[in-house]
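> The sequence and its predicted three-dimensional model are supplied below.
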Amino acid sequence: MQNLRRWLLPGMHVKRWLGLLTLGLLLVSIGIAVAVRAVYVALPDKLKSSDPAATAALKFMGDPWREILIVGVGLVIAVFALIMVSKSVLEAVQAVSEREREAASVSPAYRNGNGNNGKTNSRGAPLVDIIHAYRFPSAPKPRGPRIVCIGGGTGMPTMLRGLKQVTDDLTAIVTMADDGGSSGRIREEFGMLPPGDIRNNLVALAETEPLMGELFQYRFKEGSLEGHSFGNLFIVALTDITGSFEQAIRESSRVLAVKGRVLPTTLANLTISARMSDGTVIRGESNVGHSHGHITRMMAEPANAPGYPDALRAIDEAELIVLGPGSLYTSVIPNLLVQDIARAVISSPALKVYICNVATQPGETDGHTVLDHVRALQQHAGDKLIDYCIVNSDATSAAAIKPDMAVSAVTMTQDEADAAERTTGVHFLRVPVVSRENPLRHDPARLTAALLDLYTRWRALNEGTARVEEQQLEAGAARN
């Protein structure tokens, strides 16, 4: 009965065509009835009549043309209505199926029959539910967990392209320490914050035409603009027009139809330095990235740079916080040198995950193991910074790395993971997340699937623990 009432709701685009189908079938029935009657009853007078009722009954037409006309019109109406009913139903089913196929490409939950937030997908659902969900999409529940990604460089945009397919609440918080290339020149010439990492993540979250993304990433090859990207200059121009770097980011997000938010870690003019094992200090992000030595400590100037308020609010409201992937010392750790950001992450009750790079980075993390990455994070922000570390387990990536790449695969065995967990307190999750095409990059779909699977299991465990604690409290209260 409930489903019947939903079929009859206005706007389902079904009743009108079923009504028309009924009318067509009725006309066909009338035509057939008249034809049958004509076979058995011979009218004595077939002259035209001026009576309105006789005219409406088409008595001015002779048999069998009157019956043929009625049956023909009825068939046309019935066929048209049947086509429209089928089109209306298929339109809804195909639209819902297409959305679920996109989600299934990155989320194992959909492949197993579960949608976001623990809801089942359309397989096996009543047809009326599918059509109702498509025709009345107003005020939908947010899809997926609230995710905050912290990092920068070229690693994080790769992950964002996968995550934006499975959540409606995605925030990228990026470092403001870049001083190389186009961003460095803009920072020096215009005295503004570096736009490069902001631009890369805006393009990754863009839902606009691919040409717009290509335009923002376009680099001039000649003249005084050589080396500059169009997107960087666009943000510079918007900053001058709006009078605010923050507003320039918002307007750029609108132009690119960004799905999510991109926020700076801080609005302070941040400069990072690295203390090396031999005691020397290397200043500037672009120089640290080519230090070719063992970094013992990262520092930031100013040391007390305030965290960007919207970024702190996003971290506070997050359900899943992801650090990396990206350059360890020049893209990930610089965010944690802003003390407000580090404290917000540590105090957050969200699931906190570090995505370890799949390969070392020449000049920055030469010879680093997974454990070295995690220890560096804990050294700069504390032991409670992260709960999990996702490590690539696909051994084929190591074989695909050529000697001339001057890098090595970053992975670990299960025994190494168990030992590292005992010394760091961090859970190490070994899953295949490397790109099959590029052994130096993560695969967006594989990484997103791993993150969602981990988050789903973590949430279920937490909810189960909370229920047990609640039952224990109730039992204790009953005894008292």
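Thanks, I have the structure now.
> so who does the residue nearest to G196 when sequence neighbours are not counted touch?
Counting by C-beta to C-beta, 6 or more residues apart in numbering, G196 lies nearest to S183, which is 3.6 Å off, once chain neighbours are set aside. C-beta: built from backbone N, CA, C; applies to glycine. If a contact means C-beta atoms under 8 Å, 6 or more residues apart in numbering, then S183 has P194, P195, G196, D197, N232 as its contacts.
> now S183: how far from G324?
Here the criterion is C-beta to C-beta, to the nearest Å. By it, S183 lies 20 Å from G324.
> Could you do M176 as well?
Taken as C-beta to C-beta, the spacing of M176 relative to G324 amounts to 17 Å.
> before we move on, what about I282?
Noted for I282: a distance of 22 Å to G324, by C-beta to C-beta.
> of these two, who's got more company?
It is G324, of I282 and G324, that has more neighbours when counted by other C-beta atoms under 10 Å, with 27 against 18.
> wait, isn't G231 in contact with G213?
No - the pair G231 and G213 does not pass the contact test of C-beta atoms under 8 Å, sitting 9.1 Å apart.
> Residues that sit against both of these two, list them.
Listed as contacting both G231 and G213 by C-beta under 8 Å, 6+ apart are V203.
> Give me the more crowded residue out of the two.
Residue environment comparison for G231 versus G213 gives the larger neighbour count to G231, 25 against 17, counting by other C-beta under 10 Å.
> Not counting sequence-adjacent ones, nearest residue to the more buried one?
F216 (3.4 Å).
> same deal with H373?
With sequence-adjacent residues excluded and distances taken as C-beta to C-beta, 6+ apart, H373 is closest to C356, at 5.2 Å.
> isn't I131 right up against A92?
Yes - contact between I131 and A92 holds when scored by C-beta under 8 Å: they sit 4.4 Å apart.
> Would you check how far apart A399 and E301 are?
Separation of A399 from E301 (C-beta to C-beta): 43 Å.
> More neighbours: which of the two?
Neighbour tally, A399 and E301, criterion other C-beta under 10 Å: the higher count belongs to E301, 15 against 10.
> The more buried one reaches V281, doesn't it?
No - with contacts defined as C-beta under 8 Å, E301 does not count as touching V281, sitting 11.4 Å away.
> Any buried residues in the strand or helix carrying the residue nearest to G196, and which?
With elements delineated by DSSP states H and E, S183 resides in helix 181-190, which encompasses its position. Using 16 or more other C-beta atoms under 10 Å as the test for burial, helix 181-190 gives G181, S182, S183, G184, I186, R187.
> what's the closest of those to I333?
For the buried residues of helix 181-190, the minimum distance to I333 (C-beta to C-beta) is 18.1 Å, reached by S183.
> Quick check: the gap between that closest one and R161.
The gap separating S183 from R161 is 21 Å, by C-beta to C-beta.
> Over to A268?
When C-beta to C-beta is the yardstick, A268 and R161 sit 29 Å from each other.
> P403 too?
Computed with C-beta to C-beta, the distance linking P403 and R161 is 30 Å.
> between these two, which one's more packed in?
Legend: neighbour count by other C-beta under 10 Å for P403 and R161, higher for R161 (17 against 6).
> Tell me which residue lies nearest the centroid of the protein.
The residue lying closest to the centre of the chain (C-alpha atoms, centre = their mean) is K164, at 1.3 Å.
> Check the average confidence over the helix or strand containing V96, would you?
Per DSSP H and E, V96 falls inside helix 65-104. Across helix 65-104, pLDDT averages out at 75.
> So which elements touch that helix?
Secondary-structure packing of helix 65-104 (3 or more C-beta pairs under 8 Å, 6 or more residues apart in numbering; DSSP states H and E): helix 15-40, helix 108-111, helix 127-135.
> what is the mean pLDDT for the shortest one?
By that I understand helix 108-111. 47.
> Please apply the same query to the last one.
When pLDDT is averaged along helix 127-135, the result is 70.
> Also the longest one?
This predicted structure assigns helix 15-40 an average pLDDT of 69.
> Next: stretch 162-171.
The model assigns stretch 162-171 a mean pLDDT of 95.
> ditto for stretch 203-220
The average pLDDT within stretch 203-220 is 91.
> buried residues in it?
In stretch 203-220, residues buried by neighbour count (16+ other C-beta under 10 Å) are V203, A204, L205, A206, T208, M212, G213, L215, F216.
> Output it in PDB with nothing but the alpha carbons.
Presented in PDB, the C-alpha positions along stretch 203-220 are these (Å, rounded to 0.1, in the frame of the first residue of the first chain):
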ATOM      1  CA  VAL A 203      42.100  21.600 -11.100                       C
ATOM      2  CA  ALA A 204      42.000  18.200  -9.400                       C
ATOM      3  CA  LEU A 205      38.600  19.000  -7.900                       C
ATOM      4  CA  ALA A 206      37.200  20.800 -11.000                       C
ATOM      5  CA  GLU A 207      33.900  19.600 -12.500                       C
ATOM      6  CA  THR A 208      34.100  21.900 -15.500                       C
ATOM      7  CA  GLU A 209      35.100  21.100 -19.000                       C
ATOM      8  CA  PRO A 210      38.500  19.500 -19.400                       C
ATOM      9  CA  LEU A 211      39.700  22.400 -21.500                       C
ATOM     10  CA  MET A 212      39.300  24.700 -18.500                       C
ATOM     11  CA  GLY A 213      41.600  22.400 -16.500                       C
ATOM     12  CA  GLU A 214      44.100  22.300 -19.300                       C
ATOM     13  CA  LEU A 215      44.000  26.100 -19.500                       C
ATOM     14  CA  PHE A 216      44.700  26.600 -15.800                       C
ATOM     15  CA  GLN A 217      47.700  24.200 -16.100                       C
ATOM     16  CA  TYR A 218      49.000  25.700 -19.300                       C
ATOM     17  CA  ARG A 219      52.600  27.000 -19.000                       C
ATOM     18  CA  PHE A 220      53.900  29.700 -21.200                       C
END
